[in-house]
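Participant: Whatever this is, show me its structure:
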Amino acid sequence: MAARTSTEQQVSHSVPRSGMATAGSTAAQQRSRDARIAGVLLSLAGAAILMGFITAEALYPGVYTTHANTVSHLGASEPPNSVVLQPSAAIFDLTMLVTGAMILAGAWFAYRALRRKAVLVPTALLGVGTLGVGVFPLTHPTPHTLFALTAFVAGGIAVVVSSRLTTAPFRYLWMVLGSVALAATALGLFFLEWAPVAELGEGGIERWIVYPIVLWLVAFGSYLMSTPATRSPHDGSRSV
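Facilitator: Next comes the predicted model:
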């Protein structure tokens, strides 16, 4: 009788442990699945932004230079005499709408995988800003400017914050990219007439903001897609 009781106790203790192990494995696989989905969305968004800009610039029917023209000029010029030139305007607006939605969705899946609001919030704001730029081209200058600034600032912050989730060399690369984007934003806002910035032009300094963020979208997305199913994407990293 004593032997039977001991055996039953051992079995009763082993079942919960097995169940816990299975639950942990399922949770890890779900995190990995969410990370891969987030990675695909963010990487595709970054690539689509880059290719959308290149296509809209190549097909622009007027005079367009990266020195004098911002990327938003692909959608329209400023009032009061706004000029909308096709097909560049449609390509630009559609690119912003689609990629903004992809970044928003990617931010949500990244949060499900990482459980870090510090990553979710700025990345989601980057998506909102991108989406808003597509909804409100420069024919609506006030909302367009607000959404563009939201994308620039939130994007730079998202790049810097994400560097804390990874190890070298990603950590250092993303800190540099984020710092460059934020510094270029400040220079473009407050020091546009300063000689080095003036040499780049309004279009040039804006690209120093945009392209580091676009490069990060592809790089961070690739990092998330490569996360093993056996561990959380932020295992071993500092808390954020």
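Participant: can we go C-alpha only for contacts and neighbour counts from here?
Facilitator: Noted.
Participant: Work out for me the element Glu206 sits within.
Facilitator: helix 195-225 (DSSP states H and E).
Participant: Equivalent analysis for Leu138, please.
Facilitator: Leu138 belongs to no helix or strand, assigned by DSSP H and E.
Participant: what mean pLDDT would you report for stretch 153-164?
Facilitator: Averaging pLDDT along stretch 153-164 gives 94.
Participant: How about stretch 105-120?
Facilitator: Here the average pLDDT along stretch 105-120 is 90.
Participant: in it, what counts as buried?
Facilitator: Judged by neighbour count using 16 or more other C-alpha atoms under 10 Å, the buried positions of stretch 105-120 are 105-116, 119-120.
Participant: cool, and stretch 68-78?
Facilitator: Residues of stretch 68-78 classed as buried by neighbour count (16+ other C-alpha under 10 Å): 69-78.
Participant: Is it possible to get TSV of those that adds pLDDT?
Facilitator: TSV is the format used below for these (pLDDT from 0 to 100):
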residue	pLDDT
Asn69	95
Thr70	95
Val71	96
Ser72	95
His73	96
Leu74	96
Gly75	95
Ala76	94
Ser77	91
Glu78	89
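Participant: Cross-reference the buried residues of stretch 105-120 with the helices and report the matches.
Facilitator: Of the buried residues of stretch 105-120, the ones assigned to helices by DSSP state H are 105-114, 119-120.
Participant: Nearest to Leu189 among the residues you listed?
Facilitator: The shortest separation between Leu189 and any of those is 25.0 Å, and it belongs to Val119 (by C-alpha to C-alpha).
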